[in-house]
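Chemist: next come a sequence and a model predicted from it.
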Amino acid sequence: MTHAPDPATDPDYNLAAPLDLDYYGVFADLPEADKRWWSTARRFGEGLEARMTQHWEKAEYPVDLLRQAGSLGLFTDGVDVSDLGIETLSPMAAGLVNMETSRIDGSLSTALAVQGGLALRTLALFGSAAQRQEHLAKLASCETLGAFALTEPTHGSDSVSLETTAELHGDEETGRYVLNGAKKWIGNGASGGITLTWARVLGGEHDGNVRCFLVPQETPGYRAQVIEHKASLRAIHQALIQYDNVELPATAVLPLSKTFKDAATVLFATRLGVAWSAVGHAAACVEAALTYAQQRRQFSKPIGAHQLVQERLAFMVSELTSMQLHAKQVTELDAAGRLSGPQASMAKLHNTRKARQIAQVARDMLGGNGILLSNKVARHMADIESAHTYEGTESVQSLIIGRDLTGFSAFA
């Protein structure tokens, strides 16, 4: 005997399962090693959907999950740390890990970008042998949390004009630096650990140049507070940092960091990560929308049987496929050493823009249920807004591409 459904009971929609939508088979011919890393990221994220929803809602930072991911080797982001006995991910594997982590949760993928893509990469590229020996393995495992401090309260897109200073007292070998200034939106900046701080040098051979300094967060004069009331990336803590006469030994400077171009080198590398992250966010939204369309019934049939819904699903999958193609192509260029800065900007611009559009359509398809955090689209929709902005806004990426196309710089 069948019973009519209780109209007062809300149906239980299961929208968390991955569907691995790959309409063109973009990822069908991946090397086995890259597939293995993707599977590792998938296993890490299994069962985390409900937990991350709670952390997101309560603005809690699950550092234990970071250390779990670090123990699996997921935070090296393609940086060569083989001299430490740690397996190096290929650029494709790093992208797939970023994509899968973003499909799970945007705060987790941002933590990956901060810890591996920014902090670990900066130290690996520009640190001394002693600095690398002391900190690199601990950053890779997340035993030590790392922050990358470039953006300032009044310098975001024009970070080249940063005002934080490092005044040299004495000589560059045995003297000391005194840091003053402020940084904002710094992931891990108030979570303990070390902060890789970019500052303008006053005095000495590098007077006026921007260099990077390794700052332990317990250093006197370093004050950081977690930024509250965020509507995006709520499950990672980002900080407003004040440097008030922070004294550092000469050995705190990363010796291979010489100018702002070195900071730009790091940002160039992480733009690919953002492009992959956008694919993960978009995939999560499409998966939720498609599964919902098969489960939700209106007008006596699943909404997926309605023409307008099928048109929207076709639109989202076509846009997702375009994003996958962009991400894979630029990553193959990167692996071959042929990727240019404007090409990385194009991938970031295209994919974050498309992710926003997909999230908007998916949210609308879910109707009122689309604003519930438990149905994941609203959370991804909010987090995409941050991905669209950090590592260079859409406007900045457009100007980089435009300069490459025309030969004229339109930056103010």
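Modeler: Noted; the coordinates are in hand.

Chemist: which residues does the residue nearest the centre of the chain contact?
Modeler: In the chain, the residue lying closest to the centroid (CA atoms, centre = their mean) is T110, at 3.5 Å. T110 is in contact with 187, 233, 236, 277, 383, 386-387, counting by CB atoms under 8 Å, 6 or more residues apart in numbering. Quick note: C-beta positions are derived from backbone N, CA and C, even for glycine.

Chemist: mind checking which of the residues you listed are in strands?
Modeler: Per DSSP state E, strands hold the following members of the contacts of T110: G187.

Chemist: just the buried residues from the contacts of T110, in ChimeraX please.
Modeler: Written as a ChimeraX command, the selection of buried residues from the contacts of T110, which uses 16 or more other CB atoms under 10 Å, is:
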select :187,233,236,277,383,386,387
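
Chemist: turn the contacts of T110 into JSON lines, columns for pLDDT and distance to L196.
Modeler: Formatted as JSON lines, the contacts of T110 follow (pLDDT from 0 to 100; distance: CB to CB, whole Å):
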{"residue": "G187", "pLDDT": "96", "distance to L196": "12"}
{"residue": "L233", "pLDDT": "96", "distance to L196": "20"}
{"residue": "I236", "pLDDT": "96", "distance to L196": "17"}
{"residue": "S277", "pLDDT": "96", "distance to L196": "21"}
{"residue": "D383", "pLDDT": "95", "distance to L196": "24"}
{"residue": "S386", "pLDDT": "92", "distance to L196": "20"}
{"residue": "A387", "pLDDT": "90", "distance to L196": "21"}
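
Chemist: relative to A327, which of the contacts of T110 is nearest.
Modeler: Ranked by distance to A327 (CB to CB), these are led by S277 at 9.5 Å.

Chemist: grab the nearest non-local neighbour of the closest one.
Modeler: S102 (4.2 Å; CB to CB, 6 or more residues apart in numbering).

Chemist: that's a helix at that neighbour, yeah?
Modeler: Yes. Counting by DSSP: H, G, I helix; E, B strand; the rest coil, S102 falls inside a helix.

Chemist: would you confirm that it contacts W276?
Modeler: Yes. Proximity of S102 to W276 meets the contact threshold set by CB atoms under 8 Å, at 7.4 Å.

Chemist: how distant is stretch 204-222 from the center of its chain?
Modeler: 24 Å (CA atoms, centre = their mean, to the nearest Å).

Chemist: how far does it stretch from one end to the other?
Modeler: One end of stretch 204-222 to the other measures 24 Å (CA to CA, to the nearest Å).

Chemist: can you check stretch 248-255 too?
Modeler: 14 Å.

Chemist: avg pLDDT for that stretch?
Modeler: The average pLDDT within stretch 248-255 is 97.

Chemist: report the buried residues of that stretch.
Modeler: Those would be 248, 250, 252-255, for stretch 248-255 by 16+ other CB under 10 Å.

Chemist: ok, now which ones touch L15?
Modeler: Taking CB under 8 Å, 6+ apart as the definition, contacts of L15 comprise 287-288, 291-292, 375-377.

Chemist: between the residues you listed, which is closest to S39?
Modeler: E287 (17.6 Å).

Chemist: what about that closest one, neighbour count?
Modeler: Counted by other CB atoms under 10 Å, the residues lying close to E287 total 23.

Chemist: surely it is within a strand?
Modeler: No. Looking at E287 with three-state DSSP, it is helix, so not inside a strand.

Chemist: report the contact partners of it.
Modeler: Taking CB under 8 Å, 6+ apart, one finds 15, 17-19, 21, 103 in contact with E287.

Chemist: tabulate the contacts of L15 in TSV, adding columns for pLDDT and secondary structure.
Modeler: Listed next are the contacts of L15 as TSV, based on pLDDT from 0 to 100; DSSP: H, G, I helix; E, B strand; the rest coil:
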residue	pLDDT	secondary structure
E287	96	helix
A288	96	helix
T291	95	helix
Y292	95	helix
N375	91	helix
K376	91	coil
V377	96	helix
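
Chemist: among the residues you listed, who's most crowded?
Modeler: V377 leads these on contacts (other CB under 10 Å) with 30 neighbours.

Chemist: contacting residues for that residue?
Modeler: 15, 284-285, 288-289, 359, 362-363, 366, 370.

Chemist: hmm, try it at 7 Å
Modeler: Counting by CB atoms under 7 Å, 6 or more residues apart in numbering, V377 makes contact with 285, 288, 359, 362-363, 366, 370.
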